[in-house]
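Enquirer: Provided below are the primary sequence and the corresponding predicted coordinates.
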Amino acid sequence: MSPERRGGESRQEIEPLPYYRAARFSGERPAGSAYFQAQALIFDTPDSDLSVYRLQLNYVWHVAVLGEQPHEVLQHQIDAILFTGGSSLSRPISSNYYSSAGLRRSKEDSG
């Protein structure tokens with residue numbers, strides 16, 4: 001019997017949470033601009049494993065970047081696209097929102 005299974009115990013491996021960045025936008029046009037900038041940046045970075053999404057939730061436009069943790073320079077560039085510019089067009093979304101959504105989905109998948 002393997003050490004992980006001794007005594008009837010099961011050990012569930014905990015995977016790290018995936019990388020994500022997301023922002024809300026005041027409209028479709030600013031969200032589209034951020035989406036296409038982030039998409040081009042990621043496409044031009046060969047060692048990245050990220051995807052960019054533009055979506056509308058409850059009539060509010062969002063852009064999300066999901067995947068594996070990017071290197072530090074790429075992460076700063078993504079943040080610059082999503083969260084800076086001296087305007088209130090975008091703002092970060094609480095990680096609790098995504099964590100609770102992910103927990104709900106994993107419970108639904110397992111049951």
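Expert: Yes, it's here.

Enquirer: Every contact and neighbour count from this point should use C-alpha atoms.
Expert: Fine.

Enquirer: Quick one: low-confidence residue ranges for this structure.
Expert: For the chain, the stretches with pLDDT under 70 are 1-11, 84-111.

Enquirer: What segments of it are helices?
Expert: Under the criterion DSSP state H, helices of the chain are mapped to 28-43, 72-83, 95-110.

Enquirer: Looking only at the first one, what residues are buried by neighbour count?
Expert: For helix 28-43, the buried set under the neighbour-count rule, 16 or more other Cα atoms under 10 Å, comprises Pro30, Ala31, Gly32, Ala34, Tyr35, Phe36, Gln37, Ala38, Gln39, Leu41, Ile42.

Enquirer: residues in contact with it?
Expert: With contacts defined as Cα atoms under 8 Å, 6 or more residues apart in numbering, helix 28-43 is touched by 24-25, 48, 50-54, 61-63, 78, 81-82, 89.

Enquirer: what does stretch 65-73 give?
Expert: Contacts with stretch 65-73, where a contact means Cα under 8 Å, 6+ apart, come from Pro18, Tyr19, Tyr20, Arg21, Ala22, Ser48, Asp49, Leu50, Ser51, Val52, Tyr53.

Enquirer: can you do 6 Å?
Expert: Applying Cα atoms under 6 Å, 6 or more residues apart in numbering, the contact partners of stretch 65-73 are Pro18, Tyr19, Tyr20, Arg21, Asp49, Leu50, Ser51, Val52.

Enquirer: Can you tell me which of the residues you listed comes closest to Gln12?
Expert: Comparing those against Gln12 with Cα to Cα picks out Pro18 as the nearest, at 17.6 Å.

Enquirer: ok, the closest one - contacts?
Expert: Applying Cα under 6 Å, 6+ apart to Pro18 gives the contacts Gly67, Glu68.

Enquirer: how near is it to Pro30?
Expert: Per Cα to Cα, to the nearest Å, Pro18 is found 26 Å from Pro30.

Enquirer: what's the distance between the closest residue to Ser48 other than its chain neighbours and Ala38?
Expert: Spatial nearest neighbour of Ser48, excluding adjacent residues (Cα to Cα, 6 or more residues apart in numbering): Pro70 at 6.1 Å. Here Pro70 is placed at a distance of 13 Å from Ala38 (Cα to Cα).
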